[in-house]
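Trainee: sequence? don't have it. structure:
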């Protein structure tokens with residue numbers, strides 16, 4: 001086998017194909033961007049891509065909008081956590097999401113949320129497909145979306161290892177956020193949901209995208225749910241911060 005053939009085979013072995021969900025893009029030099037992704041086969045991944053000045057280049061900036069779902073090929077030869085993106089194309093093209101201001105705002109919020117919630121995640125095929133199918137559903141959805149982000153964030157806990165136990169609920173119980181369960185007695189810490197709100201945890205966990213419109217809340221109640229869910233993630237995901245886009249969600253839905 002000649003040197004050229006061996007080198008070609010070596011390059012092929014270093015190129016890896018997978019499906020990926022864009023989480024965040026930041027500028028890197030004059031013509032490059034760093035794209036943080038959650039992939040189907042490799043978990044979290046950061047790649048660098050060159051954006052051309054002319055129309056002849058391979059990549060375009062709209063391809064890397066938050067929560068775009070791609071087929072990618074990247075070069076994993078680099079001895080670093082930042083890989084070179086070789087190819088990218090749409091896997092699930094959106095029809096309405098980018099044109100609908102409510103859906104687009106939800107996507108931007110959830111992209112920031114997922115960037116932090118999936119940090120450090122290794123291969124998790126079920127999680128990848130849950131997010132991809134959720135965004136595909138959002139793109140095609142009609143009717144009220146006021147509870148979509150709440151349902152998605154709560155149900156995501158099934159895939160990241162801290163799904164709350166809601167089976168032991170009794171009227172008057174507290175909800176212990178640290179241990180993810182109901183408690184008859186007040187826990188010995190402050191990360192607790194009082195009894196008058198604790199029942200909502202179980203209700204949210206039972207909802208899905210088809211039934212979520214049945215659970216009606218005021219804006220104040222929905223904002224309280226956002227606060228509780230973010231607090232829950234901050235307790236269970238190291239380094240999970242306050243989210244910048246939460247303020248947008250607070251003003252979006254009246255009911």
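Mentor: Thanks, I have it. Values in this document were obtained by computation on a predicted structure and should not be read as measured data.
Trainee: Mind listing what's buried along stretch 203-220?
Mentor: For stretch 203-220, burial by neighbour count (16 or more other Cβ atoms under 10 Å) applies to 204-205, 207, 209, 212, 215, 217. In short, each C-beta sits where N, CA and C put it, glycine included.
Trainee: Which member of these is positioned nearest residue 111?
Mentor: Nearest to residue 111 among the buried residues of stretch 203-220: residue 209, at 18.0 Å, using Cβ to Cβ.
Trainee: sorry, back to before: rebuild the buried residues of stretch 203-220 as CSV, extending it with pLDDT, secondary structure and distance to residue 251.
Mentor: What follows is the buried residues of stretch 203-220, written out as CSV (pLDDT from 0 to 100; DSSP: H, G, I helix; E, B strand; the rest coil; distance: Cβ to Cβ, whole Å):
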residue, pLDDT, secondary structure, distance to residue 251
204, 83, helix, 21
205, 85, helix, 26
207, 89, coil, 22
209, 94, coil, 22
212, 91, helix, 20
215, 86, coil, 20
217, 86, coil, 15
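Trainee: Closest one of the residues you listed to residue 69?
Mentor: Set against residue 69, the nearest of the buried residues of stretch 203-220 by Cβ to Cβ is residue 209 (17.1 Å).
Trainee: separation between that closest one and residue 159?
Mentor: 16 Å (Cβ to Cβ, to the nearest Å).
Trainee: for residue 212, same thing?
Mentor: From residue 212 to residue 159 the distance is 18 Å (Cβ to Cβ).
Trainee: How about residue 179?
Mentor: Taking Cβ to Cβ, one finds residue 179 at 19 Å from residue 159.
Trainee: quick one: which of the two has more around it?
Mentor: residue 159 (18 against 15; other Cβ atoms under 10 Å).
Trainee: what sits up against the one helix or strand the more buried one maps to?
Mentor: Using DSSP states H and E, residue 159 falls within helix 148-160. Residues outside helix 148-160 that contact it (Cβ atoms under 8 Å, 6 or more residues apart in numbering) are 106, 109-110, 113, 117-118, 121, 124, 126-127, 130-131, 134, 138, 141, 163-164, 204-205, 207-209, 212, 222, 225-226, 229, 232-233, 236-237, 249.
Trainee: taking the mean pLDDT, what do you get for that helix?
Mentor: For helix 148-160, the mean per-residue pLDDT is 95.
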